[in-house]
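Asks: I'd like to go over a predicted model; first the sequence, then the structure.
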Amino acid sequence: MSLFKKIFSTQKKETLDKGLEKTKTNFFSKLGKAVAGKSKVDDDVLDNLEEVLVSSDVGVDTTLKIIERIEARVARDKYVGTDELNGILREEIAGLLSETNHDNDNTGLKLPTDKKPYVIMVVGVNGVGKTTTIGKLAYQYKKQGLKVVLGAADTFRAAAIDQLQVWADRVDVPIVKQQMGSDPASVAFDTLSSALVQDADVVIIDTAGRLHNKVNLMNELTKVKRVMQKVIENTPHEVLLVLDGSTGQNAFEQAKQFTKATEVTALAITKLDGTAKGGVVIGISDQFKIPVKYIGVGEGIEDLQVFNKHEFVDSFFKI
């Protein structure tokens, strides 16, 4: 490994450590109170731990799963000291994340060689960092020497088109757009057509950030997909749902609504650096069985990171 790669990797990990600082401090403060005065993991400790996990936005279902696994270990080992709890939690959370995030750690931003251009449709409500995520993704792909085309198919807000234009200018990649109020499917059609002409490697298409009505959303996204497939078969290759990690349980609800409305194949969880609600990554990953592909841990253009479960767990439990 080159010195540059070592430095970059270290910087990336330091950014992740810093980004999860509020989550970690909040979690271990609560955990310390949960086991105060106790030397053995018993029913009281497990009840307190359940409360800690739920209040840390891990989610009820995932929390119960973690508690059941720890109960099984206590029953098997007869005695588990509270000093072992940190290590046990670390193992169980790593195990849960491994069940859904099995390939991101190795593939990162690598694209399949048999899909060119690789088409990503990005969904999510307004305000979650959708446009910023698209811009940062475009930057990272371009940095690899790939040709990127953006599509401004969120035509219901003039600001959405303008924001994407700002990112296209900043990253210096082409953007396909129409007037506000245009048919999103028409923009998607034009974007893919343009990408073919330009021999693009990656196409990233923004879509409307509304959860106005599940039926309307489903119909709209289905139409966008259908029209895209007239240009390139079996597109989009990836449907990326962007969620704001700082909203905690609201992010769960958005994930629920979007996964009902369309097939979501990957998640990006943003704004983890400004919140103590980073536990939401664990719960959403576990409950929806959809890989968390990216996490946002800062405002810098490099601070959208490919999610690595090992690094995340290490940063979460780093004391």
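Replies: Looks like it came in fine. Residues are numbered from 1 along each chain as shown.

Asks: Show me what counts as buried in the host helix or strand of K65.
Replies: Secondary structure assignment for K65, by DSSP states H and E: helix 60-77. For helix 60-77, the neighbour count (16 or more other C-beta atoms under 10 Å) marks T62, T63, K65, I66, I67, R69, I70, V74 as buried. Every residue, glycine included, has its C-beta placed from N, CA and C.

Asks: okay, that helix in CSV with CA atoms only?
Replies: Presented in CSV, the C-alpha positions along helix 60-77 are these (Å, rounded to 0.1, in the frame of the first residue of the first chain):
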residue,chain,number,x,y,z
VAL,A,60,-37.4,-1.1,18.8
ASP,A,61,-37.2,-4.2,16.6
THR,A,62,-33.4,-4.1,16.3
THR,A,63,-33.1,-3.4,20.0
LEU,A,64,-35.2,-6.4,20.9
LYS,A,65,-33.0,-8.5,18.6
ILE,A,66,-29.8,-7.4,20.3
ILE,A,67,-31.3,-7.9,23.8
GLU,A,68,-32.4,-11.5,22.9
ARG,A,69,-28.9,-12.3,21.6
ILE,A,70,-27.3,-11.0,24.8
GLU,A,71,-29.9,-12.9,26.9
ALA,A,72,-28.9,-16.1,25.0
ARG,A,73,-25.2,-15.5,25.9
VAL,A,74,-26.0,-14.8,29.5
ALA,A,75,-28.1,-18.1,29.7
ARG,A,76,-25.2,-20.0,28.0
ASP,A,77,-22.3,-18.6,30.0
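
Asks: Show the average pLDDT along that helix.
Replies: Averaging the model's pLDDT scores along helix 60-77 yields 92.

Asks: ok now that helix, how far from the chain's centre?
Replies: Remark: helix 60-77 is offset 26 Å from the chain centroid, using C-alpha atoms, centre = their mean, to the nearest Å.

Asks: Over to stretch 140-149?
Replies: 20 Å.

Asks: Give me the contact list for it.
Replies: Identification of contacts with stretch 140-149 by C-beta atoms under 8 Å, 6 or more residues apart in numbering yields 109, 111, 117, 138, 171-176, 191, 194-195, 198-204, 304.

Asks: Give me the buried subset of these.
Replies: Applying 16+ other C-beta under 10 Å to the contacts of stretch 140-149, the neighbour count classes 111, 117, 138, 171, 173, 175-176, 191, 194-195, 200-204, 304 as buried.

Asks: which of the buried residues of helix 60-77 lies closest to T259?
Replies: Proximity of the buried residues of helix 60-77 to T259 (C-beta to C-beta) peaks at T62, which lies at 15.8 Å.

Asks: From L31, how far out is the closest one?
Replies: Using C-beta to C-beta, to the nearest Å, one obtains 16 Å as the distance from T62 to L31.

Asks: Ok, E238 next?
Replies: Per C-beta to C-beta, E238 is found 36 Å from L31.

Asks: ok, now T63?
Replies: T63 is 13 Å from L31, where distance means C-beta to C-beta.

Asks: just E14 next, same as before
Replies: Note on E14: its distance to L31, by C-beta to C-beta, is 24 Å.

Asks: okay, those two: which has more neighbours?
Replies: Under the criterion of other C-beta atoms under 10 Å, the comparison of E14 against L31 puts L31 first, with 19 against 11.

Asks: That one: which element?
Replies: Applying DSSP H and E as the criterion places L31 in helix 21-35.

Asks: What residues sit buried inside that helix?
Replies: Within helix 21-35, the residues that qualify as buried are E21, K22, T23, K24, N26, F27, K30, L31, A34, V35, counting by 16+ other C-beta under 10 Å.

Asks: ok, then the element right after that helix?
Replies: In the C-terminal direction, the helix or strand that comes right after helix 21-35 (DSSP H and E) is helix 43-55.

Asks: remind me which residues of this protein are low pLDDT?
Replies: Across the chain, residues meeting the criterion (pLDDT under 70) sit at 1-9, 102-108, 212-213, 319.

Asks: Let me know the outermost residue of it.
Replies: Going by C-alpha atoms, centre = their mean, the residue of the chain most distant from its centre is K78, 38.3 Å out.

Asks: Thank you kindly, that will do.
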